[in-house]
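[1] Quick check, what structure comes out for this input:
(2 chains)
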Amino acid sequence: MNPFSYERASDIASACASAARPAAKFIAGGTNLVDLMKLQIEAPGQLVDITRLPLDRIEETAEGGLRIGALVSNSAAAADMRVRRRYPLLAQAILAGASTQLRNKATTGGNLLQRTRCPYFYDTTKPCNKRAPGSGCAALEGLNRMNAVLGVSDNCIAAHPSDMAVAMTALDTVVETVAPDRSARVIPIDELYRPPGNTPHIETVLESGELIVSVLLPPPPAGRQVYRKVRDRASFAFALVSVAAVRDVDGERVRAARVAFGGLSYKPWRSAEAEDALVGAPATRALTAAGYTELSQLAGVPVAELTKLHGMGPKALRVIQAAMEEQGSSLGEQTAL
Amino acid sequence: MNDLLKLESKATRRGFLKTTGAATLVLASSPALAETAETVPQQSEHVRLTINGRPYALNIDPRTTLLDTLREHLGFTGSKKGCDQGQCGACTIIVNGQRINSCLALAVMHDGDEITTIEGLADEGVLHPMQAAFVRHDGFQCGYCTPGQICSAVALLSEHRAGWSSYATADVATVPVLTDAEIAERMSGNICRCSAYPNIVAAIREVAKEGSQ
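    Numbering: from 1, shown residues only, chains lettered A, B, ... in the order given. Here you go, the predicted model:
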């Protein structure tokens, strides 16, 4: 580990001022940063320890949401009954990540800012544009089944490794920061991360010395929340892919849906296409207007009649046919195309 | 508690090494000597720690991890260095009531903290119930991961008493019974190369049951 000077911050303003210096970095849980410093992938000249700042509380907001302080540990957030009851998706996602030992140290802010686990970012004998800008990307032709497939560039296919951030993206979380000039700003979590483009070493929109002080969860969305993770072992492994989903169902109709994927991109990937496909809003409106409010009413109805409805596309038709097959019924005869 | 366990708890592996020859002792302490002789800390930080109920104060390079502080500077060699990357759990200790990987913690950031290591679990020569259960169930083979496993298991039970759920919990808003699946998930931060997992789970299950009666 390279030598560094150590400073224990006593207030937010001085912490930001110190961290704005060249080669200075904030440190909180340190579970990612200390590891990277041992490997000399990170080599800050100064560490600004923010763990004594009063940012470790979870508070109710007037709107009915929760504000989680940047220093709330992953364990504390997942153990909080308000989080577990109102945002089970978030508690599940946090508990799906790392081990208890790591979650006890890792913080809310640090989790958002953790670096990729791309093996070539860690292997200092290989080129990596994120670690050594301009050196190339060994992952493009290497072992890359864990790497990103969406939003990538020819310079970097690293995936963001967080589980927590995936749930937060599905929950429309807002990141609250304070800058060295003491100005505060709020950043929708989907806008926190920068696409790799030609500068994969610049990962977020945060400015030098800008500190995440909290995240704001809006009131919980209606519907059932679930987090599912696919990985190479049963526990304590990063996601090949994960999904955070919220589905509000009224009978057979999906009123609202939110879908965010982990492990696929440089950021948690919110998919409007997937959400639209689940909700099928135009098709649902068309069906309701034509008097069809239950799936069972469609049994035997000719396909041609349904496709005439404005808003009923081939995708909606496939969804309806699949749903009816599950129930052992079907639409009427397909007319000649 | 049977006599065998009492006897075992009095004779420590470290005590045995320290009394079986100066060569062993010199060998064991040489990394620390080399470090102080060859590197001049850019900055020395004063750190106070309470370890197993006793206060310690020392001046250390801010790069020093809690694990190296314990092992190389203070002689608490029970906590083991496995991967040194937070992946194996051999270095698990309990800090302010919570288990952490001491290899990823800078000691300077823990000024004033209370630490429990494997050396602090036995009570006046009587093994901690979790230590005794690991012996009874043969919860190890080579033993290298065992101090971390036991510290982790002790913390696991207090987390469960505090109502924590896990990824194995079907409804995250409930406090589940500690099934084998729950124990396995909660112990996933401790790797055992000898794969003594079934016996480790059995030991933890037994102590959990004793505690709930």
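[2] for chain B, what spans make up the strands?
    Here chain B has its strands, by DSSP state E, at B:45-51, B:54-60, B:92-95, B:98-101, B:114-116.
[3] Same question for the stretch 1-150 of chain A.
    A:5-8, A:24-27, A:46-49, A:58-60, A:66-69 (DSSP state E, counting those that start in this stretch).
[4] what's the answer for the stretch 151-300 of chain A, then?
    Under DSSP E, counting those that start in this stretch, the stretch 151-300 of chain A gives strands at A:174-178, A:184-188, A:211-217, A:224-230, A:241-250, A:253-262, A:269-270.
[5] Tell me the residue in chain B that is farthest from the middle.
    Distance from the C-alpha centroid of chain B, by CA atoms, centre = their mean, peaks at B:D171 (30.4 Å).
[6] for that one, what are its contacts?
    Each residue near B:D171 by CB atoms under 8 Å, 6 or more residues apart in numbering or on different chains is listed here: A:P88. Every residue, glycine included, has its C-beta placed from N, CA and C.
[7] same thing with A:L95?
    Here A:L95 is in contact with A:A78, A:R103, B:S165, B:S166, B:Y167, B:T169, B:V172 (criterion: CB under 8 Å, 6+ apart).
[8] how close does it get to B:N190?
    Remark: distance between A:L95 and B:N190 (CB to CB, to the nearest Å) = 17 Å.
[9] sorry, back to before: output the strands of the stretch 1-150 of chain A in JSON lines, with mean neighbour count and distance to chain B appended to each entry.
    Output for these, formatted as JSON lines (neighbours: other CB atoms under 10 Å in any protein chain shown; distance: least, CB to the nearest CB, whole Å):
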{"stretch": "strand A:5-8", "mean neighbour count": "18", "distance to chain B": "4"}
{"stretch": "strand A:24-27", "mean neighbour count": "21", "distance to chain B": "7"}
{"stretch": "strand A:46-49", "mean neighbour count": "22", "distance to chain B": "5"}
{"stretch": "strand A:58-60", "mean neighbour count": "13", "distance to chain B": "15"}
{"stretch": "strand A:66-69", "mean neighbour count": "23", "distance to chain B": "15"}
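[10] Of all those strands, which one is nearest A:P161?
    Among the strands of the stretch 1-150 of chain A, the nearest to A:P161 by CB to CB is strand A:24-27 (18.5 Å).
[11] Tell me, how many residues neighbour the residue in chain A positioned nearest to chain B?
    Closest residue of chain A to chain B, CB to the nearest CB: A:S99 (2.5 Å). A total of 25 residues lie near A:S99 under the criterion other CB atoms under 10 Å in any protein chain shown.
[12] Quick check: phi and psi at it.
    As for A:S99, its main-chain torsions (degrees, to the nearest 10) stand at phi -120, psi 170.
[13] which residues does A:D248 contact?
    A:D248 is in contact with A:P221, A:A222, A:G223, A:R224, A:V254, A:R255, A:A256, A:A257, counting by CB under 8 Å, 6+ apart.
[14] What number of residues are in the vicinity of the fourth one?
    Read that as A:R224. Neighbours of A:R224 (other CB under 10 Å): 11.
[15] what does the last one give?
    When neighbours are counted by other CB under 10 Å, A:A257 registers 22.
[16] hang on, A:A316 packs against A:G280?
    Yes: counting by CB atoms under 8 Å, A:A316 touches A:G280, with 5.1 Å between them.
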